[in-house]
Each structure stands twice: as structure tokens, then as C-alpha cells.
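K.L.:
sequence plus predicted model, see below.
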Amino acid sequence: MKMINIIGLGYIGLPTALMFSKSGIEVVGTDLNEKLVSCLSKGELTFEENGLQDLFSQAVENGITFTTEYQKTDTYIIAVPTPYMSSSKKLDAKYVISAVNRVLDVCEPGSIIIVESTVSPGSIDKYIRPEIEKRGIVIGKDVHLVHAPERIIPGNMIYELEYNSRTVGADNITIGEKVKILYKSFCKSEIVVTDIRSAEMSKVVENTYRDINIAFANELAKICRADGMNVYEIIKIANKHPRVNILQPGPGVGGHCISVDPWFLVGDYPDLTNLILAARKINDSMPTYVLGRIRDIMREHGISDISKIGIYGLAYKENVDDTRESPTLQLLEQMNDHLAFGVKVYDPFISERIVEHQFLNFEDFISEVEILVIITAHDHIKENMSLVKDKLILDTKNICNFDGVYKL
Ligand code: SAJ
């Protein structure tokens, strides 16, 4: 192998590129976004993540470079977004297709093209192979295709890159083993080599499994609320059973993985996905459910002014700055649909205004709200609990353990 060209320098591509570079491999990171490339080239990170700054410094020392150009080499890792089309619920493979084509324009004979982006099962056969073959390029000879989906969790990415097990899907075992050795340069855990379809499917299955389990917790929360029971107490007790491990209810499922991947299965197998679809619907219903809880509290306290409500958290989960599909954004959309404008918003991780009535200063925000709705359990709010104790609080993440707090 000469050098790795990593295509797509977002939440997955960038940490992966840095990890390879840290382990001594020559890496060039490519992204079409000029602003992003310019930031990285100046030594500025483009998102926050535990341990990313140190890793970045080491990779820069090791000579990693960033560019908008695709490089001529023999190993490529593609980590571009794979959105789904909201109407059909199917994968939109346009970015992967375009990246593969641009790789084919420059790659050396016998190159390995590794797709890390999550794709729905069968996508590589359906979208990528025909794209390569129509150029008269022979897969397995002129180029080799591999699917190596990532498994890292925002908030703990760097640790998980090193210690999570991985999957490598390849057409033939020799190439699979070669790619396994490549990832072994930083991955200390087991790397399973399988075929491409199994790699695609297992990735989507993992996230669907978690979505279904969160949906179960959310449904329990609704049942318990309807009948005056404490869902957290019930989950705590049930989880003492050696074979029970219920997750936690919350204001909804955000992020670009769990709230998206199950739709690939629903889109491809509409007649066979009853449970998966039901789970998606339950999780998608949670922001509306939170809205109902806010209304209950307003009614109980005779508050009618919407601007007295403050939502804490814009990120989709604690201690990250990623707002994709975040429950708060879903909630604000619901409120706007109900013509409920004016709710105040604050998130310590988001320093630019991305929604209306967003505060950039916590004290100012707190001083103006009567009902505080905690949507994201950042450490910041846990550390500042004493400043909010006198508010009416709706705690959707079960982090306030004092009397008088409203829960889901
Ligand atoms: N959530 C709950 N209750 C829980 C756990 C999570 O409501 O008990 C919510 C979170 O608040 C968040 C959403 O679910 O809004 C998703 O968060 P997460 O921490 O469960 O997962 P992600 O989306 O950050 O990362 C997932 C991970 N997949 C699995 O755990 C199976 C990660 O390992 C994947 O690499 C990532 O998706 C991905 O890129 O696919």
C-alpha cells in the first residue's frame, strides 16, 4: 500500500483519517468542502469530540494533509454521507456514487476502494457495481470493492475506534484479510471478515436493534405516565433480571444513524418490517409527547405565555455538538406547526444561532424562563443544577433527583 486517500472528512472520515495517520500510515484527506479543508489545513478542528484535538495534533505531526483533490494511490476509504429520501424511505446513494466515480478517475490499477459510509443492504450491488462496470472496469481485477462500516459512537469515538470490534465485507478473502491488516494498524479488537452484503446488513441491523430497544423504553414511559407509575423505578427493577437490559426513555431519537438506518429496511422491505416500523413511529412520536407534557405543566400552573418556556439542549445527545435530527429541532418544528412561536433555546455546545430565540449565554437564558425543559443531558446542566432549581423543570432525561421535577 502506498498512501490512503480518505474521502469525506466529517464525523467518521476525519477521526478515521487521523487514527491511520497516528499509526504511521501516510494519509491524505479529501473533501469537496473548501471551507472545511481550509480549516483543517490551518490546524482548526471542524467539530468537537473527546480526545480529537490531541489526535489531530499527532496526525499533523505525522504529516497528514487535507485537500479538495482526489489522490492517485491504491487505497481509498469513502466516508461520505448517505442520506435517505424522506418520501420513499430509501437510501440516496448519490454521494457514494459520485465519490466512487471520482476515485475511478484517478486510482491505480488493482486499487482497493473501501466504503465506510452506512448503506442499505444490497446497495453496493445495486448502485456501486453497475457504476464501475459501465466504465468497462473489472471488479476483482482492475479494482477491489470492500465495505467496512464504522461502529463508533459520538462522544467516545476515539476510544471506540481503537477498541470496538469491526466488520470487513469483501468479495474475496485475500482482499478482506489485506484490509483487516490495514485496520489492525489502530484497531485492537476483533475484525470479522465477511461478504459485502452481510457487512451492509449487520451494520443496519445493529442500529435498528438499538432503535427498537429505545422504542420499548419510550413506550413504557407512556404506559407508566398514563397510569401514574414511575418508569425509571420499573426499568431499574426489571434490569436486575439477569437477561433483561431495558434502555432509557427520552425525548426522541436523534443523530444521523439510529433515526435513519431502520428506514432503509422499512423502505426496502415494506411488507416485512412491522416491528421496525412501529419502533420508528414510537421514537418519532416522542417530541410530540414532550410537547403534550409541556402543555400539561403550563395548564397546571396557569402559564399561557410560550416565551416563558426554555428548552435546554439542541444537540441530539449529551456532550456532543451534533444537532442532526435532534429531538429539540423536531420539537420546535412541531411547535411551529401549532403556531407556538417564541420558545427560548440554549445549548452550551452550539455557539452559533441556528434557531430563533436561541440564547448564547446560559445565565441570560435562565433568567428569562419559567419552565425549563431539559432535552439534552450535557454535563454542563448537571454541574449547574443549583442555578435552575427554582424553575419548573420538565426533565426528559431523568438527571434531576430532587422533588417537584416533572418527568416524561
Ligand atoms: N437514546 C435514548 N435512550 C437510550 C439511548 C439513546 O433515548 O437509552 C437516544 C439518544 O439520546 C440519541 C439517540 O438515542 O438521541 C441515539 O444515540 P446513541 O448514543 O444511542 O447512538 P448514536 O446515534 O450516537 O450512535 C449509534 C451507535 N449505534 C449503536 O449503538 C448500535 C454507534 O455505535 C454507531 O456507530 C452510530 O450509531 C452510527 O454511526 O451508525
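P.N.:
Thanks, I have it.
K.L.:
so which residues of the stretch 151-300 of the chain form strands?
P.N.:
Per DSSP state E, counting those that start in this stretch, the stretch 151-300 of the chain carries strands over the ranges 166-170, 191-194.
K.L.:
which element is the closest residue to residue 348 other than its chain neighbours on?
P.N.:
Once flanking residues are discounted, residue 348 sits nearest to residue 380: 4.5 Å by CB to CB, 6 or more residues apart in numbering. C-beta coordinates here come from the backbone N, C-alpha and C atoms, glycine included. Using DSSP states H and E, residue 380 sits within helix 379-383.
K.L.:
now that helix: buried residues?
P.N.:
Using 16 or more other CB atoms under 10 Å as the test for burial, helix 379-383 gives 380, 381.
K.L.:
which residues does that helix contact?
P.N.:
Contacting residues not belonging to helix 379-383 are listed as 312, 313, 318, 319, 348, 362, 374, 388, 399 [CB atoms under 8 Å, 6 or more residues apart in numbering].
K.L.:
hey, C-alpha coordinates of that helix in CSV?
P.N.:
C-alpha atoms of helix 379-383 as CSV (Å, rounded to 0.1, in the frame of the first residue of the first chain):
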residue,chain,number,x,y,z
ASP,A,379,-22.6,17.6,31.9
HIS,A,380,-23.0,21.4,31.8
ILE,A,381,-26.6,21.3,33.1
LYS,A,382,-25.7,18.7,35.7
GLU,A,383,-23.0,21.0,37.0
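K.L.:
so what secondary structure elements neighbour whichever helix or strand comes after that helix?
P.N.:
Downstream of helix 379-383, the next assigned helix or strand under DSSP H and E is helix 385-388. Contacts defined by 3 or more CB pairs under 8 Å, 6 or more residues apart in numbering; DSSP states H and E place helix 385-388 against helix 362-368.
K.L.:
I'd like the average pLDDT over the helix it packs on.
P.N.:
What helix 362-368 shows for mean pLDDT is 96.
K.L.:
C-terminal to that helix, what's the next element?
P.N.:
The first helix or strand that comes after helix 362-368 along the chain, using DSSP H and E, is strand 371-374.
K.L.:
partners of that next one, with directions?
P.N.:
strand 309-312 (parallel), strand 392-395 (parallel) (DSSP bridges).
K.L.:
what lies in contact with the first one?
P.N.:
Read it as strand 309-312. Strand 309-312 has contacts (CB under 8 Å, 6+ apart) with 294, 298, 328, 331-332, 343-347, 365-366, 368-376, 378, 381, 391.
K.L.:
same check on the last one?
P.N.:
Residues from elsewhere that reach strand 392-395, judged by CB under 8 Å, 6+ apart: 290, 293-294, 297, 301, 370-374, 400, 404-407.
K.L.:
what ranges do the helices span in the stretch 101-250 of the chain?
P.N.:
Assigned by DSSP state H, counting those that start in this stretch, the helices in the stretch 101-250 of the chain fall at 123, 129-133, 157-163, 173-183, 196-226, 231-238.
K.L.:
of those helices, which approaches the ligand most closely?
P.N.:
helix 196-226 (4.0 Å; CB to the nearest ligand atom).
K.L.:
quick check: buried residues in the closest one?
P.N.:
Of all the residues in helix 196-226, those buried under the rule 16+ other CB under 10 Å are 196, 199-208, 210-212, 214-222, 224-225.
K.L.:
tell me what it is packed against?
P.N.:
Counting contacts by 3+ CB pairs under 8 Å, 6+ apart, helix 196-226 is packed against strand 143-147, strand 166-170, helix 231-238, helix 261-268, helix 274-300.
K.L.:
reformat those as JSON lines; add distance to residue 135, mean neighbour count and mean pLDDT.
P.N.:
Converted to JSON lines, the helices and strands packed on helix 196-226 look like this (distance: least, CB to CB, whole Å; neighbours: other CB atoms under 10 Å; pLDDT from 0 to 100):
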{"stretch": "strand 143-147", "distance to residue 135": "10", "mean neighbour count": "24", "mean pLDDT": "98"}
{"stretch": "strand 166-170", "distance to residue 135": "21", "mean neighbour count": "23", "mean pLDDT": "98"}
{"stretch": "helix 231-238", "distance to residue 135": "54", "mean neighbour count": "15", "mean pLDDT": "98"}
{"stretch": "helix 261-268", "distance to residue 135": "26", "mean neighbour count": "22", "mean pLDDT": "92"}
{"stretch": "helix 274-300", "distance to residue 135": "36", "mean neighbour count": "17", "mean pLDDT": "97"}
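K.L.:
out of those, which comes closest to residue 6?
P.N.:
Nearest to residue 6, of all the helices and strands packed on helix 196-226, is strand 143-147, at 13.8 Å by CB to CB.
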